[in-house]
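> no FASTA, just this:
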């Protein structure tokens, strides 16, 4: 069997997630080089390359196309209406028009989704709990994923008023822009930054966490962001999601139809606090936040 992977970031950007996916396949008896050949294509943080790469993978006579994120999945959907497509992880595919519903996705796409809007609002609430005096917060977005970025900012704006938070959006289309954008945050007296859960930003989490610390900005993102050096992280474990995606890939490779497999959603979420970053920032958080954290990275 031939499996194609369409990655939105660099190979290194989602290395741990794809390693978890491959591990999940091995645990199910799919051995690369014996039962399975994986064909890899990465857009290297350039979403405009995704349509051509998706078409290229379809031309490789693969049996299953695996992708992640809205731009990658949208490119895969445009490239084929018949080949099974598996979303290893994507934000609200119904709202994005990728599937008809979670229970009955129809068409040739299924996979695992997370409700990014709810997670974005929850992160603001948790950030306010960690920093009760917080009033000015930056939101880092990728304008090259425009619809998603706008939806996330609107979701956070809707909950910011009750938290007495003023939000300001900062756009960074490429990793080369990150340093200048973080300098702008400091210049505009931002007191913290929330990293939206967008594929390119996730794939560059270590660089973003390092810049936030350099600018002495408390930072909040998904669970893996805290592991990469961010102050706080909240969300589902992405490695676990990709491992679960491998189980769905196995079913599809054995002949299951995407339309018959409901789109799944993670049910477990964790809050991480990076104590090393906390010390590096020279700040403290309420003891209640430490107790609430599922994991404290010492």
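Now that the structure is in, tell me what you want to look at. No experiment lies behind these values; they were computed from the predicted model shown.
> First-to-last residue distance for stretch 74-93?
10 Å (C-alpha to C-alpha, to the nearest Å).
> Make residue 1 into 316 and carry on from there
All set: I'll call the first residue 316, so the last point we hit is now stretch 389-408.
> which stretches of the stretch 316-465 of the chain form strands?
317-322, 352-357, 379-382, 400-406, 424-429, 451-456 (DSSP state E, counting those that start in this stretch).
> Reformat those strands into TSV and put mean pLDDT, distance to residue 520 and mean neighbour count next to each item.
Backbone N, C-alpha and C define where each C-beta goes, glycine included. Output for the strands of the stretch 316-465 of the chain, formatted as TSV (pLDDT from 0 to 100; distance: least, C-beta to C-beta, whole Å; neighbours: other C-beta atoms under 10 Å):
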stretch	mean pLDDT	distance to residue 520	mean neighbour count
strand 317-322	98	15	24
strand 352-357	98	17	17
strand 379-382	98	20	28
strand 400-406	96	15	27
strand 424-429	96	16	25
strand 451-456	98	11	23
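> Dump those to JSON lines, plus distance to residue 578.
Conversion of the strands of the stretch 316-465 of the chain to JSON lines gives the following (distance: least, C-beta to C-beta, whole Å):
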{"stretch": "strand 317-322", "distance to residue 578": "18"}
{"stretch": "strand 352-357", "distance to residue 578": "23"}
{"stretch": "strand 379-382", "distance to residue 578": "14"}
{"stretch": "strand 400-406", "distance to residue 578": "8"}
{"stretch": "strand 424-429", "distance to residue 578": "5"}
{"stretch": "strand 451-456", "distance to residue 578": "25"}
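> wait, residue 319 sits on residue 379?
Yes: taking C-beta atoms under 8 Å as the definition, residue 319 is a contact partner of residue 379 at 7.1 Å.
> domains for this protein, by residue range?
Domain assignment for the chain by automatic domain parsing gives 317-429+552-575, 431-550+585-612.
> At which residues are the helices of this structure located?
330-342, 365-373, 385-394, 431-445, 461-475, 493-502, 514-518, 520-529, 538-542, 553-568, 590-596, 602-607 (DSSP state H).
> The fourth one to strand 400-406, inter-axis angle?
Between helix 431-445 and strand 400-406, the angle formed by their directions is 30 degrees, by axes from the mean of the first three to the mean of the last three C-alpha atoms, to 10 degrees.
> quick one, helix 431-445 and helix 461-475 angle?
Using the same axes, to 10 degrees: helix 431-445 against helix 461-475 is 40 degrees.
> distance between helix 431-445 and the chain's centre?
15 Å (C-alpha atoms, centre = their mean, to the nearest Å).
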